[in-house]
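**Student:** The sequence and its predicted three-dimensional model are supplied below.
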Amino acid sequence: MKTAIQNGDGTQTVVALEDGNLVTGMVQQCAPIADITKYLHNTGQHGSSDMRLAASIPLVFVEKYLHDNRITMHEFTQSQDHKKRLLGDPALAAFRVWNGRI
């Protein structure tokens, strides 16, 4: 049995019962976000020198980072090191708008 719940932020929460275990997760269509960030990058729309738009990271990757590092969203938002590590991840390069140093 598997159920997908539509969230208002473009994600889906998936709940499944597999071999008597309850399994949950989040899914998101990331290709459109990558397309938008590529367009913004190619057209130089990355903000001003005062406020750069470095990236647009899909929520599922932020959630995975939180889970992998066993931190809360509050801890993530309060730590420049965590933000730099996530934004600098080469696997997420498709979501970078501005490629300068973070």
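**Tutor:** Sure, I can see it. Residues are numbered from 1 along each chain as shown.

**Student:** all helices for this protein, in order.
**Tutor:** Under the criterion DSSP state H, helices of the chain are mapped to 31-42, 59-69, 73-78, 80-87.

**Student:** Those: which one's closest to residue 11?
**Tutor:** helix 59-69 (5.7 Å; C-beta to C-beta). In this view, the C-beta of every residue, glycine as well, is placed from N, C-alpha and C.

**Student:** What residues of that closest one count as buried?
**Tutor:** For helix 59-69, the neighbour count (16 or more other C-beta atoms under 10 Å) marks 60, 61, 65, 66 as buried.

**Student:** Mind putting the helices of the chain into CSV with mean pLDDT?
**Tutor:** As requested, the helices of the chain are exported to CSV (pLDDT from 0 to 100):
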stretch, mean pLDDT
helix 31-42, 96
helix 59-69, 95
helix 73-78, 96
helix 80-87, 96
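
**Student:** In a markdown table, list the ones you listed along with distance to residue 99.
**Tutor:** Output for the helices of the chain, formatted as a markdown table (distance: least, C-beta to C-beta, whole Å):
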| stretch | distance to residue 99 |
| --- | --- |
| helix 31-42 | 7 |
| helix 59-69 | 18 |
| helix 73-78 | 22 |
| helix 80-87 | 10 |
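
**Student:** Among the buried residues of helix 59-69, which one sits closest to residue 17?
**Tutor:** residue 60 (21.7 Å).

**Student:** shouldn't the closest one be in contact with residue 30?
**Tutor:** Yes - with contacts counted by C-beta atoms under 8 Å, residue 60 reaches residue 30, the gap being 7.0 Å.

**Student:** Give me the nearest residue to residue 33, chain neighbours excluded.
**Tutor:** Nearest residue to residue 33 in three dimensions, chain neighbours excluded: residue 58, at 5.2 Å (C-beta to C-beta, 6 or more residues apart in numbering).
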